[in-house]
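Novice: next comes the sequence, and after it the predicted model I'd like to discuss.
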Amino acid sequence: MIKNLFNKYKEIISYLFFGVMTTLVNFVSFWAFNKILGESLYLISNVIAWVISVVFAYVTNKLWVFESKSWKFRVLLKEVPEFFAARVFSLCVEESGLWLFVDKLGFDKFSFLLFEFKVTGKLIAKVLLAVIVVILNYFFSKFIIFAKRNKDKSNTQ
């Protein structure tokens, strides 16, 4: 029964798992570059974290979530630009959201300690925006970027 449920929802489970991993890559990169570049350059730190996490996300989504195994040039010519364009859109959503929460709503004015870890308003804003970004990215990947492969798979079952 559990195996049947897993098989039925394998794509969503895999997407959520690798989405969490991508988010961790993004957050760790954001934290590291925020320390390296300084707190005031948080938007630049976010862009660098985004680039690192998008490369990670493309590979994991291609191979293990949507199982688009082909590395042929014509396939990559379709997938890579679409994947990065969708991620640029979600980056714009995230950057705009960070700007709104931090610069306009004052999220940068508070912080607290949680088990010796300083939780800042910027981090809370990033967590809220991560939920929105994960949902957006799933729909782009499922219904646009890897859609043809998904249709082919459902037609053969």
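Specialist: On my side now, so go ahead.
Novice: SS state for Ser68?
Specialist: What DSSP: H, G, I helix; E, B strand; the rest coil gives for Ser68 is coil.
Novice: so what does it look like in phi/psi?
Specialist: The phi/psi pair for Ser68 (degrees, to the nearest 10) reads phi -90, psi 90.
Novice: name the helix or strand of this structure that has the lowest mean pLDDT.
Specialist: helix 147-156 (a mean of 51; mean pLDDT, DSSP states H and E).
Novice: name the nearest residue to Asn26, ignoring sequence neighbours.
Specialist: Among residues not flanking Asn26 along the chain, Ser53 sits closest, at 3.8 Å (C-beta to C-beta, 6 or more residues apart in numbering). To be clear about C-beta, it is placed using only N, CA and C from the backbone, and glycine gets the same treatment.
Novice: could you point out the helix or strand that follows the helix or strand harbouring the one you found?
Specialist: Ser53 is part of helix 42-60, with elements assigned from DSSP states H and E. Going down the chain from helix 42-60, the next helix or strand is helix 73-99, by DSSP H and E.
Novice: pLDDT of the helix or strand just after that next one, averaged?
Specialist: Per DSSP H and E, the first helix or strand lying C-terminal to helix 73-99 is strand 111-114. Averaged across strand 111-114, the pLDDT comes to 82.
Novice: can you name every helix or strand that strand 111-114 contacts?
Specialist: The criterion is 3 or more C-beta pairs under 8 Å, 6 or more residues apart in numbering; DSSP states H and E, and the helices and strands that strand 111-114 contacts are strand 117-120.
Novice: flag the shaky bits of the chain, pLDDT-wise.
Specialist: By pLDDT under 70, the low-scoring segments of the chain are 148-157.
Novice: again, only using 50
Specialist: 149-157 (pLDDT under 50).
Novice: Phe66 versus the closest residue to Thr120 other than its chain neighbours, what's the distance?
Specialist: Computed as C-beta to C-beta, 6+ apart, the closest residue to Thr120 that is not its neighbour in sequence is Ser111, at 4.4 Å. As for Ser111, its distance to Phe66 is 38 Å (criterion: C-beta to C-beta, to the nearest Å).
Novice: between the two, which is the more surrounded one?
Specialist: Between Ser111 and Phe66, counted using other C-beta atoms under 10 Å, the more crowded position is Phe66 (21 against 14).
Novice: brilliant, that's me finished.
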